[in-house]
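Undergrad: when you get a sec, could you give me coordinates for this:
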Amino acid sequence: MRILIVTHVVAKGDGQGRVNYEIARAALEAGHEVTLLGSRVAPEISGHARARFVKIAESRLQSRLLQYQMFAWRTALWIRAHRQEFDVIHVNGFITWARADVNAVHFVHDGWYRCGFYPFRLKNGAYAAYQVIFTRVNAWCERLAFRRAQVVVPVSAKVGAEVCALGIDAARLAVIHNGVDIEEFRPGEVPRARFGLPEGPFMLLFAGDLRVPRKNLDTVLRALAATPGVHLAVAGGLRNSPYPALAESLGVSNRVHFIGFIKEMPDLMRSVDAFVFPSRYEAMSLVLLEALASGLPVVTVRTAGGAEVIGAGCGTVLDNPDDAAGLAAAIARLAQDHQYTKRMRTAARTLAQTLTWQIMANRYLALYERIAAERAASVGVTATGLADLADAGLNTSPATTATAAVTAAKS
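TA: Numbering: from 1, shown residues only. Just a heads-up that it's a prediction; the model follows:
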């Protein structure tokens with residue numbers, strides 16, 4: 001197959017970029033030709049003999065909204081000139097104005113806007129107004145992009161429900177969960193001193209953006225106040241973060257360890273006892289899968305996409321992200337019942353082994369092959385119909401030919 005993938009980044013260090021990296025890698029290993037239309041591609045992918053990287057220079061416009069629109073127009077023009085070169089065109093959400101065969105949905109702006117936890121309002125200053133405009137414009141563009149795609153691929157059932165809420169027929173959806181590297185993220189023991197953490201207490205891990213309330217560290221800190229003896233490691237940048245002050249006000253600052261950005265996340269996960277992730281809105285978080293692969297029991301919520309894969313044997317899924325009491329109860333049981341926690345660790349690892357990058361990539365490739373086969377069959381039917389007309393000596397003027405092609409394709 002000749003595959004075109006359109007995305008800003010194809011690289012391991014980026015969420016959406018990592019998904020596309022693994023699809024491209026698997027496609028190349030399977031012998032397919034892959035063209036990557038984007039701004040940055042990992043050299044081990046772009047340098048492959050069957051890969052082609054078409055660079056779309058990053059815009060210097062001052063806002064992300066305008067930058068994304070510029071990228072969308074540039075890629076659309078390129079696709080318009082080269083569409084016939086490909087068997088399958090794969091895009092990611094609203095990333096181009098061109099129509100696509102496969103649209104992988106990693107985030108739904110309309111879902112975020114309507115989830116009940118969206119923090120911005122037009123009347124709350126220039127920054128908040130810009131965020132609302134950014135969200136609504138992207139929501140409109142996404143709706144159009146989904147409608148124009150042959151198959152829409154949500155990365156979780158939660159995202160799928162949000163896509164359907166936009167009026168997209170559920171029959172056109174094919175959910176494919178993101179994957180995880182089970183060799184990089186695996187159970188083991190790493191001394192906590194490496195990260196400046198105490199060795200003795202039961203240690204939770206929270207990882208995410210500490211500048212905004214969406215990841216919901218505030219509820220974790222309130223739950224921690226109700227679980228004496230439990231400690232919390234927090235990975236993420238602290239600049240402009242309100243959470244150190246909140247930890248101080250709740251009287252838990254001596255049990256909360258802000259360790260900043262961590263590049264050695266696999267080792268950090270191997271040094272703790274459980275992962276807590278009550279995000280107020282998430283599409284399908286890679287860090288959730290990484291925790292499972294590391295053999296960590298997970299405490300999360302239904303608003304976090306990906307929670308749907310977690311059964312009672314490997315984690316706790318709460319209904320309400322602001323339920324501090326429920327979160328505290330789940331944490332306390334993990335800290336107090338060692339056999340229960342041990343069983344969860346084993347179950348978490350077993351589950352992760354069904355969610356590898358290779359399994360995810362194989363599902364995308366199977367979808368590509370089905371689309372390419374259906375298109376080839378359609379073209380074959382059309383060609384057969386035209387040949388029958390020619391054999392019968394019928395008029396094959398351009399107008400008649402076009403009508404016959406449509407009729408043959410529908411038959």
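Undergrad: low-confidence bits of this protein, can you list those?
TA: For the chain, applying pLDDT under 70 flags the ranges 380-411.
Undergrad: how about the helices of the stretch 301-411 of the chain, start to end?
TA: 324-336, 338-352, 357-391, 398-410 (DSSP state H, counting those that start in this stretch).
Undergrad: break this structure into its domains for me.
TA: What automatic domain parsing lists as the domains of the chain is 2-172, 192-352, 361-410.
Undergrad: nearest to Asp181, of these?
TA: domain 192-352 (7.3 Å; Cβ to Cβ). Quick note: C-beta positions are derived from backbone N, CA and C, even for glycine.
Undergrad: now do that closest one: distance to the chain's middle.
TA: Offset of domain 192-352 from its chain centre (Cα atoms, centre = their mean, to the nearest Å): 20 Å.
Undergrad: distance check, Glu33 against Arg2.
TA: 5 Å (Cβ to Cβ, to the nearest Å).
Undergrad: quick one, which of these two is more surrounded?
TA: Legend: neighbour count by other Cβ atoms under 10 Å for Glu33 and Arg2, higher for Glu33 (18 against 15).
Undergrad: OK, contacts around that one?
TA: The neighbourhood of Glu33, defined by Cβ atoms under 8 Å, 6 or more residues apart in numbering, consists of 1-3, 50-52.
Undergrad: now rank those by neighbours and give me the top one.
TA: Neighbour max across the contacts of Glu33 (other Cβ under 10 Å) = Ile3, 25 neighbours.
Undergrad: just checking, Ala307 touches Val299?
TA: No - taking contacts as Cβ atoms under 8 Å, Ala307 lies outside contact range of Val299: 10.2 Å.
Undergrad: so what's in contact with the two at the same time?
TA: Counting by Cβ under 8 Å, 6+ apart, no residue touches both Ala307 and Val299.
Undergrad: can you confirm Ile5 is in a strand?
TA: Yes - assigned with DSSP: H, G, I helix; E, B strand; the rest coil, Ile5 falls within a strand.
Undergrad: where does the closest residue to it other than its chain neighbours fall, helix, sheet strand or coil?
TA: Closest residue to Ile5 apart from its sequence neighbours, by Cβ to Cβ, 6 or more residues apart in numbering: His90 at 4.8 Å. What three-state DSSP gives for His90 is strand.
Undergrad: across the sheet, point out what pairs with His90.
TA: The bridge-partner assignment for His90, based on DSSP bridges, gives Ile5, Val102.
Undergrad: close enough to count as contact, it and Val105?
TA: No - between His90 and Val105 there is no contact under Cβ under 8 Å: 11.9 Å.
Undergrad: any idea how far the residue nearest the centre of the chain is from Ala361?
TA: For the chain, the residue nearest the mean C-alpha position is His106 (4.1 Å; Cα atoms, centre = their mean). Distance, His106 to Ala361, using Cβ to Cβ: 15 Å.
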